[in-house]
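**Q** Fold the following.
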Amino acid sequence: MTDIKAKETVLFDGLNKGFEYNGSIFRLACGPSLVQAPNGDILCCWLTGSKKEPAPDNCLAISRSKDMGKTWSDPSMLVPPGDENGSGFIQRCGDKLVLMEARWPMEALYTVWNYSRRESLDNGYTWSCPEPVTLFSEDDISCAIGNQIKTKNGEYLCCAQIFKKREKPFTAGAIRVVLAETEEEAYALPPMKPGEMDTSKFGTHLHGCGVFETDKDFKNFKFRGWVHNRPMGLLEPTMVELNDGTLVMYMRAELGGFLWRSESKDGGFTWCDAYQTNIVNPSTQANITRLSDGRIALLNNNFGGCIGEPLRLRNRDPLSVFISDDELKSFSICKNLITGGALSYPYGLVLNDGRFVFAYDHNRNQVRFVEVTL
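**A** Numbering: from 1, shown residues only. As a prediction, this is how the structure comes out:
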């Protein structure tokens, strides 16, 4: 029997303390990400703001650990508020760090993303001036990109959440659209009735997940392909390459009750139709990581199973780890690691010494760092 333990450290406490910037106290903690710098320091950045998201003061904070996650520096501002909301993540590229700085207009509800790229040659203490990055040239399509992976044949890829504006929006209520199997079926549904939940951005924009090829410096991007066969949307993908070269994406399915999955046999150019797995999920992001021993770990909120269940933060409990030792044919281990609260957006990382760690946001006002002992 495998014993799995989790040791938590509160990295940022917006509940009791927060941090001050330009006269405001920033308490929001959402969607943390981790990277290990070339000198071994661990950096964590997360979406913050004074109260909630989306909000005009949303921006990106950063903290540093010099002792492998035992203690963390006071947070500082990495991407400050501006004319558009700010966020992003950091990618390790050899002996440098690359910050993908994201700007997104609040009124677009996360369907429009504008990126700039910055470099650090001193482990994240100073950064170059931002340089705009073009991912799509068309006005009606945008995307939010994720971290880079290097495949077995030496290619560099990153998965992305893609938003394409529909020529016309859905008119039916959200729960009925959730049950539609095709776009045509969703469009043919009768208009929304009084008291029904609307489809919001999922009705105005097609939500799908796909892949970009890039270079080792995470500088140039070329779109390959995507999957978008669920009318109510596929979003927040997490991707891993299997030993046979197959790419696997697990995706959040809005109001879907379960994680969805798709595979590509040709490096992300084409994908099989996404399908519902048997892994329950309360419409939240999961995270997949290849461990140092070759197994694959999936971090997921092990709750759900009810299609059409409205979004509730309290349903993001527990936060669990699933372990596969047969290349995602099955999960031999499912362990509820953390319970109590809204446990959202886990982000896994294998450190240089092989240890598996992750960060997540707790009740939207704390970032917690977790070391997992397998």
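
**Q** hey, let's count contacts and neighbours off CA atoms from now on
**A** Fine.

**Q** Make sure I have this right: residue 314 is in a strand.
**A** No: assessed with DSSP: H, G, I helix; E, B strand; the rest coil, residue 314 is helix; it does not lie in a strand.

**Q** change the start of the numbering to 166 and stick with it
**A** Taking 166 as the first residue, the last one we looked at is residue 479.

**Q** how about the nearest residue to it, chain neighbours excluded?
**A** Using CA to CA, 6 or more residues apart in numbering and skipping residues adjacent in sequence, the residue nearest residue 479 is residue 507, 5.2 Å away.

**Q** Residue 421 reaches residue 476, doesn't it?
**A** No: the pair residue 421 / residue 476 is not scored as a contact, 10.1 Å apart, by CA atoms under 8 Å.

**Q** Give the residues shared as contacts by those two.
**A** Taking CA atoms under 8 Å, 6 or more residues apart in numbering as the criterion, residue 421 and residue 476 both touch 447, 448.

**Q** which one of these two has more residues nearby?
**A** residue 421 (28 against 14; other CA atoms under 10 Å).

**Q** so what's residue 223 up against?
**A** Shown in contact with residue 223 (CA under 8 Å, 6+ apart): 212, 213, 214, 215, 217, 246, 250, 251, 252.

**Q** cool, residue 262 as well?
**A** By CA under 8 Å, 6+ apart, residue 262 lies in contact with 202, 255, 256, 284, 285, 286, 288, 289.

**Q** Which parts of the stretch 416-539 of the chain are strands?
**A** Secondary structure of the stretch 416-539 of the chain by DSSP state E, counting those that start in this stretch: the strands cover 423-429, 440-445, 452-455, 461-466, 484-489, 498-503, 508-515, 521-527, 531-538.

**Q** Throw those into JSON lines and include mean pLDDT, mean neighbour count and distance to residue 318, thanks.
**A** Below are the strands of the stretch 416-539 of the chain laid out as JSON lines (pLDDT from 0 to 100; neighbours: other CA atoms under 10 Å; distance: least, CA to CA, whole Å):
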{"stretch": "strand 423-429", "mean pLDDT": "98", "mean neighbour count": "23", "distance to residue 318": "15"}
{"stretch": "strand 440-445", "mean pLDDT": "98", "mean neighbour count": "16", "distance to residue 318": "27"}
{"stretch": "strand 452-455", "mean pLDDT": "98", "mean neighbour count": "22", "distance to residue 318": "17"}
{"stretch": "strand 461-466", "mean pLDDT": "98", "mean neighbour count": "24", "distance to residue 318": "19"}
{"stretch": "strand 484-489", "mean pLDDT": "98", "mean neighbour count": "22", "distance to residue 318": "23"}
{"stretch": "strand 498-503", "mean pLDDT": "96", "mean neighbour count": "17", "distance to residue 318": "30"}
{"stretch": "strand 508-515", "mean pLDDT": "98", "mean neighbour count": "24", "distance to residue 318": "21"}
{"stretch": "strand 521-527", "mean pLDDT": "98", "mean neighbour count": "24", "distance to residue 318": "25"}
{"stretch": "strand 531-538", "mean pLDDT": "97", "mean neighbour count": "22", "distance to residue 318": "30"}
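
**Q** Residue 277 is nearest to which of the ones you listed?
**A** Distance to residue 277, taken as CA to CA, is lowest for strand 508-515 among the strands of the stretch 416-539 of the chain, at 20.3 Å.

**Q** what sits up against that closest one?
**A** For strand 508-515, contacts defined as CA under 8 Å, 6+ apart pick out 195-200, 449-457, 464-466, 481-484, 521-529.
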